[in-house]
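Peer 1: Next one to model:
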Amino acid sequence: MDFKITKKDNYTLVQVVVDKLDTHIAPTLKSELVLISGNGEKNIILDLSNCRYCDSSGLSSILVANRLCKNANGVFVLTGLQTAVERLITISQLDTVLNITDTVDKAASFVIKQTEKE
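Peer 2: Okay, here's the model as predicted:
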């Protein structure tokens with residue numbers, strides 16, 4: 001498995017455990033994200049701390065996760081960005097659209113704060 005999925009009280013944590021989020025991984029990740037959302041989970045944290053490379057299909061899977069959470073009135077947080085991945089997200093101007101934190105702990109706190117507002 002190329003990612004680890006952990007169900008928590010307020011969110012589901014998806015950790016990519018390979019160093020590349022590309023055309024080999026992204027379709028499976030998208031499928032998993034759709035399943036997670038379909039199971040009623042509306043808050044997802046995607047941890048890319050092991051990921052040193054991301055291509056357009058990887059970005060697409062990130063955007064799918066963001067859209068699924070938005071459509072469910074939930075929260076999507078991207079965390080643990082390595083330099084090259086962060087640069088790609090900035091160049092794509094997705095840093096203005098996505099919730100991004102440095103660590104999983106900060107992401108979890110962000111999700112909890114956002115869900116308390118509801």
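Peer 1: for the spatially most central residue of the chain, phi and psi?
Peer 2: Most central in the chain under Cα atoms, centre = their mean is residue 46, positioned 2.7 Å from the mean C-alpha point. The phi/psi pair for residue 46 (degrees, to the nearest 10) reads phi -110, psi 110.
Peer 1: Equivalent analysis for residue 42, please.
Peer 2: phi -110, psi -10.
Peer 1: Settle this for me: it is touching residue 70, isn't it.
Peer 2: No - in this structure, residue 42 is not within contact of residue 70 by Cβ atoms under 8 Å, at 9.2 Å. Heads up, the C-betas are built off the backbone N, CA and C, glycines and all.
Peer 1: More neighbours: the two, which one.
Peer 2: residue 42 (20 against 13; other Cβ atoms under 10 Å).
Peer 1: List the contacts of the residue nearest to the centre of the chain.
Peer 2: 14, 16, 62, 65, 76, 77, 78, 79 (Cβ atoms under 8 Å, 6 or more residues apart in numbering).
Peer 1: try it again with 6 Å
Peer 2: The contact partners of residue 46, by Cβ atoms under 6 Å, 6 or more residues apart in numbering, come to 14, 65, 78.
Peer 1: Show me what it bridges to in the sheet.
Peer 2: Listed beta-bridge partners, residue 46: residue 14, residue 78 (assigned using DSSP bridges).
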